[in-house]
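1. Okay, here's the prediction I keep looking at, along with the sequence it came from:
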Amino acid sequence: MGYNPSKVINGTWGEVWIDSDYIDEITACNAKVTPKTETISQSRQLVDGTKIVGLENKGELKTNKISSRFAKLIGDNLKNGIQTEFTIISKLDDPSSLGCERVKLTGCVFTELTLADWELKKNGEETMPFTFMNWEMLDTI
């Protein structure tokens, strides 16, 4: 049994949009939901149980540094104490896989802005961590 290894999805085919802007310099995208739990002790049980009491939604975009895109997107608002929210859509569509996967993240807020980060003889990269409020699977495989 098993699966066909050629169907494993390759990240080379990944794409990202922030609001309606296509981010062609993207090199990586991740978004994770981590349940927040509390410990539940029970009589006559040596092992504690857990109960989900919330969710923590975080992600990160990585790009080749080709412009001041993110400084322009959120820099002035940050200086003025304004929180800027975005919608991020991630698409992974390897032509040899079993289909396309798209996820829409809403209420996205970038939690860090790098103003300068460079090194001699090294290509520029940018990492943008973010939080998000909700997600919707637009396409699944």
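-> Yep, it's here. Please read these numbers as outputs of a predicted model, since none were measured by experiment. Numbers count the residues shown, from 1 in each chain.
2. List the buried residues in stretch 28-48.
-> The neighbour-count check on stretch 28-48 (16 or more other CB atoms under 10 Å) flags 29, 31 as buried. (Each C-beta comes from the backbone N, C-alpha and C, glycine too.)
3. Give the rounded mean pLDDT of that stretch.
-> Average pLDDT, stretch 28-48: 96.
4. can you list the residues that contact it?
-> 11, 14, 16, 49-62, 88, 90, 103, 105, 132, 135 (CB atoms under 8 Å, 6 or more residues apart in numbering).
5. how much distance is there from it to the middle of the chain?
-> Computed by CA atoms, centre = their mean, to the nearest Å, the chain-centroid distance of stretch 28-48 equals 22 Å.
6. One more: stretch 25-32?
-> Using CA atoms, centre = their mean, the offset of stretch 25-32 from its chain centre is 6 Å.
7. where does residue 12 fall, helix, sheet strand or coil?
-> helix (DSSP: H, G, I helix; E, B strand; the rest coil).
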